[in-house]
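In: here is my input, please return the structure:
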Amino acid sequence: MIRRHAWLWGAAALVYAFLYIPLAIVVIYSFNDSRLNAEWVGFTLHWYRVLFSDAEMLAAAGNSLIIALSASLGATVLGTMAGLAIHRYRLRVLPALVFAPVAMPEILLGVSLLLFFLQVLNLTLGMLSVIIAHTTFCIGFVAIIIRARLQGMDESLFEAARDLGASRWQTFRFVTLPLIMPAVAAGALMSFTLSIDDFVITFFTKGIGEPILPIQIYTMIKVAVTPEVNAVSTLLMLLTLAMIIVAARLESHAASREAARR
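Out: Modelled structure (predicted):
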């Protein structure tokens, strides 16, 4: 038994090392006092100052924030509605329609949206097309979180509200929405995280024009991997990690409160 536990801990350590050591190297070399990342020269904050004085990079970051906020807002509203519909109506076709973008490979989804925008909508690719594409991609993730939250709730709460004379809208506004709000917030944060660092779908749907952060980073890497790339990657990594932690805590607190009520 002891040997089995030791083997499992060793395997887990190797897996986590494989996942996180490259990320740690990116963070460490963002402070490297050298234009090339071939070797460690010394500690400096120069590359962060370069990053915050780079107008094109700041513009790309601003565009990515606009896209992520817009996509997360749209995906949260539509995903919440989809999660409620899946939970209430129990139709087999609904989960397939809503969760298809989640299970579909991103490259296939990106190509499909590209053809849809150009051949069906005759839409010029740009910020709007990226926002629509990211919203489509994120709806399924929000719906999954909302559905999981609803499945763990007591249905008698909604029945009691209707027995007391509340309409469907009043039941949703005063009972359902407050109870699922932590899941709604978690879905919004998850959508923001997925949108701001998505590359594949953005690559196919952005067109030519405004710079977007993942594409800008890719362009910089093709020329040379300078510590400025490490710096922007570090900041993006920290933002993504913070969003994931907040989303996980919101969902955990919601589950704890539900368990306490029982």
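In: the helices in the stretch 1-150 of the chain, which residues?
Out: Per DSSP state H, counting those that start in this stretch, the stretch 1-150 of the chain carries helices over the ranges 2-29, 46-52, 55-89, 93-103, 106-115, 127-151.
In: quick one: buried residues of the first one?
Out: Taking 16 or more other C-beta atoms under 10 Å as the neighbour-count basis, helix 2-29 is seen to contain the buried residues 26, 29. C-beta: built from backbone N, CA, C; applies to glycine.
In: show me what counts as buried in the helix or strand containing I180.
Out: Using DSSP states H and E, the element containing I180 is helix 177-196. The neighbour-count check on helix 177-196 (16+ other C-beta under 10 Å) flags 179-180, 182-196 as buried.
In: tell me which helix or strand comes right after that helix.
Out: Sequence order places helix 200-205 as the next helix or strand after helix 177-196, per DSSP H and E.
In: quick one: distance of that next one to the chain centre.
Out: 15 Å (C-alpha atoms, centre = their mean, to the nearest Å).
In: what do you get for stretch 69-83?
Out: Remark: stretch 69-83 is offset 12 Å from the chain centroid, using C-alpha atoms, centre = their mean.
In: quick one: mean pLDDT for that stretch?
Out: In this model, stretch 69-83 carries a mean pLDDT of 93.
In: tabulate the CA atom coordinates of it in CSV.
Out: Taking C-alpha atoms only, stretch 69-83 is exported to CSV below (Å, rounded to 0.1, in the frame of the first residue of the first chain):
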residue,chain,number,x,y,z
LEU,A,69,-16.1,41.7,-21.8
SER,A,70,-18.6,41.7,-24.6
ALA,A,71,-18.4,38.0,-25.3
SER,A,72,-18.7,37.1,-21.6
LEU,A,73,-21.8,39.4,-21.2
GLY,A,74,-23.5,37.8,-24.2
ALA,A,75,-22.5,34.3,-23.3
THR,A,76,-23.6,34.7,-19.7
VAL,A,77,-27.1,35.9,-20.7
LEU,A,78,-27.6,33.3,-23.5
GLY,A,79,-25.9,30.5,-21.5
THR,A,80,-28.0,31.1,-18.5
MET,A,81,-31.1,30.9,-20.6
ALA,A,82,-29.9,27.8,-22.3
GLY,A,83,-29.0,26.1,-18.9
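In: cheers, nothing more for now.
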